[in-house]
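Student: Everything below, folded, please.
(chains A and B)
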Amino acid sequence: MRIHVPKEWALPQSAATSEADYTRSSRREFLKAMGVAAAGTAFLPSTVRAATSGFPAPDNPDYPAGALKITPFSLVSSYNNFYEFGLDKGDPVVEANKGWKTEPWTVEIAGMVANPGKWDVEDLVKKMGGIEQRVYRHRCVEAWSMVIPWDGFPLAKLVDMAAPTAQAKYLRFTSFMDPKSASGQRGADDMGWPYVEGLHINEARNELAMIATGIFGKPIPNQNGAPLRLVTPWKYGFKGIKSIVRIEFTDQRPLNTWQRLAPNEYGFFANVNPAVDHPRWSQASERVIGGGFFSGRQPTLLYNGYEKQVAELYKGIDPHRLY
Amino acid sequence: MLPGLWPAWPLLRQDPTVLADPGKYLLHHSGFVACVLLATVLALTPLRILFPHSRVALALNRHRRTIGVSAFAYAVIHLTFQFLHESGWPTFFVDMRKPFLLSGMGAFIILAALAATSFNAAVRWLGGRRWKNLHRLAYVAAGLAAYHQAAARKLFPVQVLWIFVPLAALEVARMIKKALPAPPLHDSRRGS
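Tutor: I've put the predicted structure just below:
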């Protein structure tokens, strides 16, 4: 019997790009999905030009994969709710890569802060001291879930840098507005753009809240919210506003987009709680994306399993007000 | 049953939306097909009334039973996926308090009753008039199904309009035609 001894330099099979990703319809599509800037700009062969620096990011040992099964990149980057680019989950991977430019990108920090300003996202990442990788669970309000390795920096660092004044109680995030590039933002499909989300400042300072600029150790694809997005793993996924252009510190609770559209179904806090149902479906369990046809559902965890880190934020509040 | 093959195509194409959550895709698709079949079978009678001389309309009307029972068959598939892949069975009684799910169940029960009485012996057993009245519940089922489908996504899905507005238009046209005075009888024995 011939025993195969892998060479020292050989990468494990799992490191290879999946065939589905590699044989995507055109090389341009593939590169776009990998996060390279729009066509027409020169790029060095064999180098993927990063939208922001710091890749590959070091792992944060507090947030390892552990027993979690990471959802394949091909699904994370092609099963997206990003209504600016269409209402079907397969729309954003196509529509968001048809020339929408997410580089260069400016983020404005404004409102009740000592250090307002406009930041090029590249400079912002450098100012935050680079990025790290954390593996988080992701739970959509539609009762499906993923496990995603996010690359980014803690939102708390940004809050500290901005130096909010004593009156600032909330952060109000605004997403991009570009009807020319985003067909969902034109006319008939208008659900009132741009997308707005918010956090209480104590939530923003929580160790879990993160601004992600990448996934799987690569710059974040357009359809996942390039070049930077919010990640709050203890809340339903719609709180994770994508493609942020403005972060405003305010004393008024922001009216987030989904609460504005359907206040009896979506609230401000959107904390994951299996005991608080959506009016139309149960939140007690979730379907794991990529689990295949025969996988069952798994029970949903309170705060998506992050009770230890966030429960004290909500002590004494009726959970039915935290939907 | 050709509609049965149609859901298979995206599976073969390795569509990521389908691969991500195949159970959900099949749930939505079977529900969609059930709605289309239900709207189709209800559209046949107005088509016959509006176009009494059309051979196509008359031919289609002979298949009302097949199409109607197929609608029920897809509703069964849809409910099976609801119980298997969604939380359906364990949370059944809680779910029935939700209008979205209750409307679907209501439509299903009606379709079940209609399918159970769809064969010839049932017509004889119930008697023509009772059978006809029972099967008029199909319109109620369509209304419940339209509501159920409209409530199924985060935002209102336009496909509900595509399925049910043509049916509504046909029904309105049929009622108008019936309300109009009858055209004079053509008596070929009269001299010119």
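
Student: any idea which helix is longest in chain B?
Tutor: Across chain B, the longest stretch assigned as helix under DSSP state H is helix B:22-50.

Student: Buried ones in the following helix or strand past that helix, by neighbour count?
Tutor: Moving toward the C-terminus from helix B:22-50, the next helix or strand (DSSP states H and E) is helix B:55-61. Buried positions in helix B:55-61, judged by neighbour count with 16 or more other Cβ atoms under 10 Å in any protein chain shown: B:57, B:60. All C-beta spots, glycine's among them, are computed from the backbone N, C-alpha and C.

Student: so how far is helix B:55-61 off the chain centroid?
Tutor: 18 Å (Cα atoms, centre = their mean, to the nearest Å).

Student: can you list the residues that contact that helix?
Tutor: Here helix B:55-61 makes contact (Cβ atoms under 8 Å, 6 or more residues apart in numbering or on different chains) with B:44-45, B:47-48, B:50-51.

Student: before we move on, what about stretch B:63-70?
Tutor: B:1, B:3, B:37-38, B:40-41, B:44-45, B:114-115, B:118, B:138.

Student: Surely A:Y170 touches A:F249?
Tutor: Yes - applying Cβ atoms under 8 Å as the test, A:Y170 and A:F249 come out as touching, 7.4 Å apart.

Student: which two in the contacts of stretch B:63-70 are spaced the farthest apart?
Tutor: B:M1 and B:T45 (21.8 Å; Cβ to Cβ).

Student: of the two, who's got more company?
Tutor: B:T45 (15 against 12; other Cβ atoms under 10 Å in any protein chain shown).

Student: rewinding a little: ok, and the most crowded of the contacts of stretch B:63-70?
Tutor: The contacts of stretch B:63-70, ranked by neighbours (other Cβ under 10 Å): first place B:L38, 28 neighbours.

Student: Give me the three-state assignment for the residue lying closest to that one once chain neighbours are set aside.
Tutor: Using Cβ to Cβ, 6 or more residues apart in numbering or on different chains and skipping residues adjacent in sequence, the residue nearest B:L38 is B:A71, 4.4 Å away. With DSSP: H, G, I helix; E, B strand; the rest coil as the basis, B:A71 sits in helix.

Student: residues in contact with B:A71?
Tutor: B:34, B:37-38, B:40-41, B:111.

Student: rerun at 6 Å
Tutor: B:A71 is in contact with B:34, B:37-38, counting by Cβ atoms under 6 Å, 6 or more residues apart in numbering or on different chains.

Student: Roughly how far does the residue nearest the centre of chain B sit from chain A?
Tutor: Closest to where the C-alpha atoms of chain B average out (Cα atoms, centre = their mean) is B:L38, at 1.0 Å. Counting by Cβ to the nearest Cβ, to the nearest Å, the gap from B:L38 to chain A is 21 Å.

Student: ok, then the element right after the host helix or strand of B:A121?
Tutor: Assigned by DSSP H and E, B:A121 belongs to helix B:120-126. Following helix B:120-126 in sequence order, the next helix or strand is helix B:128-135 (DSSP H and E).

Student: Could you give the average pLDDT over that next one?
Tutor: Averaging pLDDT along helix B:128-135 gives 88.

Student: Kindly check the end-to-end length of stretch A:93-108 for me.
Tutor: Using Cα to Cα, to the nearest Å, the end-to-end distance of stretch A:93-108 comes to 26 Å.

Student: where does B:F108 fall, phi/psi-wise?
Tutor: Phi and psi for B:F108, reported as degrees, to the nearest 10, are phi -60, psi -40.

Student: List the residues that contact it.
Tutor: B:75, B:79.

Student: Let's see that with 10 Å instead.
Tutor: Shown in contact with B:F108 (Cβ atoms under 10 Å, 6 or more residues apart in numbering or on different chains): B:34, B:72, B:75-76, B:78-79, B:82, B:141, B:144-145, B:148.

Student: do the same with B:G104
Tutor: B:31, B:34, B:75, B:78-79, B:82, B:95-96, B:98, B:144-145, B:147-149, B:151-152.

Student: who's the closest residue to chain B within the stretch 101-250 of chain A bridged to?
Tutor: Per Cβ to the nearest Cβ, A:W144 is where the stretch 101-250 of chain A lies closest to chain B, at 6.0 Å. Listed beta-bridge partners, A:W144: A:R287 (assigned using DSSP bridges).

Student: And it, what's its pLDDT?
Tutor: Reported pLDDT for A:W144: 93.

Student: And A:L230, by the same measure?
Tutor: So, for A:L230, pLDDT stands at 98.

Student: and it, that's in a strand?
Tutor: Yes - using three-state DSSP, the secondary structure at A:L230 is a strand.

Student: Neighbours of it, how many?
Tutor: 25.

Student: Around chain A, which positions in chain B sit nearby?
Tutor: B:10-11, B:14-26, B:84-88, B:90-92, B:94-95, B:97-101, B:151-155, B:157-158 (Cβ under 10 Å from any Cβ of the partner chain).

Student: Pull out the buried members of those.
Tutor: Using 16+ other Cβ under 10 Å, the buried ones in the residues of chain B next to chain A are B:10, B:16-26, B:84-88, B:91, B:95, B:98, B:100-101, B:151-152, B:154, B:157.

Student: Among those residues, name the ones in strands.
Tutor: Among these, none falls in strands (DSSP state E).

Student: Inside helices: which ones of the residues you listed?
Tutor: B:10, B:16-20, B:22-26, B:84, B:95, B:100-101.

Student: Show me which residues of the stretch 1-150 of chain A are close to chain B?
Tutor: Residues of the stretch 1-150 of chain A lying near chain B (Cβ under 10 Å from any Cβ): A:20, A:71-72, A:74-81, A:83, A:87-91, A:93, A:141-144, A:146.

Student: quick one on the thing from earlier: if I look at A:Y170 and A:F249, which residues touch both of them?
Tutor: A:111-112, A:164, A:201, A:204.

Student: So which of those are in strands?
Tutor: A:G111.

Student: Can you report how many residues neighbour residue 131?
Tutor: Just so you know, I chose chain A. 26.

Student: um, chain B though
Tutor: 17.

Student: same deal with B:H53?
Tutor: Quick note: B:H53 (other Cβ under 10 Å) scores 6 neighbours.

Student: Show me where the stretch 101-250 of chain A dips below the pLDDT cut-off.
Tutor: Along the stretch 101-250 of chain A, segments meeting pLDDT under 70 span A:188-190.

Student: what are the ranges of the strands in it?
Tutor: Taking DSSP state E, counting those that start in this stretch, the strands of the stretch 101-250 of chain A run over residues A:106-111, A:117-120, A:132-139, A:144-154, A:170-175, A:196-200, A:210-215, A:218-219, A:229-231, A:244-250.

Student: Mind checking those strands for the one nearest to B:F164?
Tutor: strand A:144-154 (27.8 Å).

Student: And the residue nearest to B:L38, how close does it get to B:G106?
Tutor: The gap separating B:A71 from B:G106 is 15 Å, by Cβ to Cβ, to the nearest Å.

Student: Please name the nearest non-neighbouring residue to B:L170.
Tutor: B:P46 (4.0 Å).
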